[in-house]
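S.K.: sequence? don't have it. structure:
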């Protein structure tokens, strides 16, 4: 009987060591995947913020709706910038006047970059708007608004959206593409 107790103790010790080894193996296998998971979460967060910015620009006229008319010190009266055409109640129609104002004002000036404050976005981003030719599909740059510091990191997101541009110069609705990068 004493031998039987000794054998049970050795078997118990061997199974306990095997169990602890298995737990350690599972822990290290799981923790090896953790950095990749965290990286994917950060990428998805950046993609989500870029898409949210594109939604704001495409479907919000801004506050006030005619912010593109404000100049000089009145630029402080702009609460939010949006590119949606204030005269249209349809989504995804952007105003040519707002795009021109965006490119020719202090909003996108690299020294002040007020647009980041007006969009409540405190990370580097860029907005590029192209006019798409009806005949050959060529993209002609209308405006480009880039953060003063736009680092290339491993986590960058690019959102491309095709929309309608209400061109007040020609009086026509045209195709446009907005590219948001973060």
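M.R.: Received it, and whenever you're ready, just let me know what you need. Everything quoted here is computed from the prediction, not taken from an experiment.
S.K.: Buried ones in the least confident helix or strand in the chain by mean pLDDT, by neighbour count?
M.R.: None of the helices or strands of the chain scores lower by mean pLDDT, DSSP states H and E than helix 114-118, at a mean of 81. For helix 114-118, the neighbour count (16 or more other CB atoms under 10 Å) marks 114, 115, 116, 118 as buried. (Each C-beta comes from the backbone N, C-alpha and C, glycine too.)
S.K.: can you give me the strands in this protein?
M.R.: 62-63, 80-81, 93-95, 126-132, 139-146, 158-167, 172-181 (DSSP state E).
S.K.: I'd like those strands laid out as CSV, including mean pLDDT, mean neighbour count and distance to residue 28.
M.R.: Output for the strands of the chain, formatted as CSV (pLDDT from 0 to 100; neighbours: other CB atoms under 10 Å; distance: least, CB to CB, whole Å):
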stretch, mean pLDDT, mean neighbour count, distance to residue 28
strand 62-63, 87, 18, 52
strand 80-81, 86, 20, 49
strand 93-95, 92, 23, 52
strand 126-132, 91, 20, 41
strand 139-146, 88, 15, 43
strand 158-167, 92, 17, 36
strand 172-181, 91, 18, 37
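S.K.: what separates the lengthiest helix in the chain from the chain centre, distance-wise?
M.R.: Of all the segments assigned as helix in the chain under DSSP state H, the longest by residue count is helix 2-59. Remark: helix 2-59 is offset 29 Å from the chain centroid, using CA atoms, centre = their mean, to the nearest Å.
S.K.: helices and strands around that helix, which ones?
M.R.: Judged by 3 or more CB pairs under 8 Å, 6 or more residues apart in numbering; DSSP states H and E, helix 2-59 is in contact with strand 158-167, strand 172-181.
S.K.: Which elements pack onto the first one?
M.R.: To tie it back to what came earlier, the one meant is strand 158-167. By 3+ CB pairs under 8 Å, 6+ apart, strand 158-167 packs against helix 2-59, strand 93-95, helix 96-103, strand 126-132, strand 172-181.
S.K.: Quick one: closest of these to residue 139.
M.R.: Relative to residue 139, the nearest member of the helices and strands packed on strand 158-167 by CB to CB is strand 126-132, separated by 3.9 Å.
S.K.: Before I go, just wanted to say thanks for your time.
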